[in-house]
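In: Quick one, what's the 3D model for this:
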Amino acid sequence: MALTTKHIEGDLLMLRIMFPDGMTVTVATGRNGKSVSVAPNDSELAERLSSIFQWSTDRVGEPDYPFTSLNQVIYGMETLARSAMSIEQFIEGLREVLEVSDRHPMPEVGVRAPSLTVVDLSPSGNGWIVDARFLRGERFKLAINKASIGWAADPPEPMRDKEVMKILSGVKGARVSSDEDLALLVMEVAHYSSDIAGWLQGMHSAISEESRS
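Out: From the prediction side, this is the model:
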């Protein structure tokens, strides 16, 4: 799998992806605009990636587009890269996740494609609200505020809901990531889950992976 590093400083946001074959992709956004580069230099791959990235960022904020901020797009790219073994596989996944085309071949094995889960992420006061509606009819709403976390699920399951609050409160209390990063993680895992149980299992895996990195 590819290794990723993310750097945020002021209005500069940079994501570097290092693939097992030695290829590196760098995505940067800032006051000077957006750029995508590939090392060793490959203008054709860089142009393809840049086109996908630009197309996606142009749609951010549109009513029918699942990503509502540039940070979400970058986070989606980072999450996808961790499941890709090559730039080509990464590009195939991007075309699915960022919805570049309505009809396109499914990603190669190893790149997860989103389920039909609908997830909305929106700012709320000093925090964030994640509203997820799963294919099987389940739904949850998560509110992450500066000093608290609120959780409501339909249908409710007391034992599971207690576990959800424990794992989310643990991440927030550890202060290893910002509230926005936690909300983005919740949203991203939900995109690949078909129900709340699957989402909770995915959260356990994602948090364990981050703690090891």
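In: Might you report the residue contacts of the most centrally placed residue in the chain?
Out: Geometric centre of the chain, nearest residue: Gly76, 3.2 Å, by C-alpha atoms, centre = their mean. In this structure, Gly76 makes contact with 67, 97-98, 188, judged by C-beta atoms under 8 Å, 6 or more residues apart in numbering. Glycine gets a C-beta too; all of them are placed from N, C-alpha and C.
In: could you redo the last one with a cut-off of 6 Å?
Out: Counting by C-beta atoms under 6 Å, 6 or more residues apart in numbering, Gly76 touches Val97.
In: Could you shift the numbering so residue one becomes 58, and keep it that way?
Out: Shifting the count to begin at 58 puts that one at Gly133.
In: Local confidence estimate at it?
Out: Gly133 is assigned 80 on the pLDDT scale.
In: just checking, it is part of a strand?
Out: No. Looking at Gly133 with DSSP: H, G, I helix; E, B strand; the rest coil, it is helix, so not inside a strand.
In: From Leu192, how far off is the residue lying farthest from the centre of the chain?
Out: Most distant residue from the mean C-alpha position of the chain: Pro215, 27.7 Å away (C-alpha atoms, centre = their mean). The gap separating Pro215 from Leu192 is 24 Å, by C-beta to C-beta, to the nearest Å.
In: what do you get for Ser205?
Out: Going from Ser205 to Leu192 by C-beta to C-beta gives 30 Å.
In: just Ser250 next, same as before
Out: 9 Å.
In: Which one's more surrounded, the two?
Out: More crowded of Ser250 and Leu192, by other C-beta atoms under 10 Å: Ser250, with 24 against 12.
In: roughly how far is stretch 64-75 from the heart of the chain?
Out: Averaged C-alpha coordinates place stretch 64-75 at 15 Å from its chain's average position (C-alpha atoms, centre = their mean, to the nearest Å).
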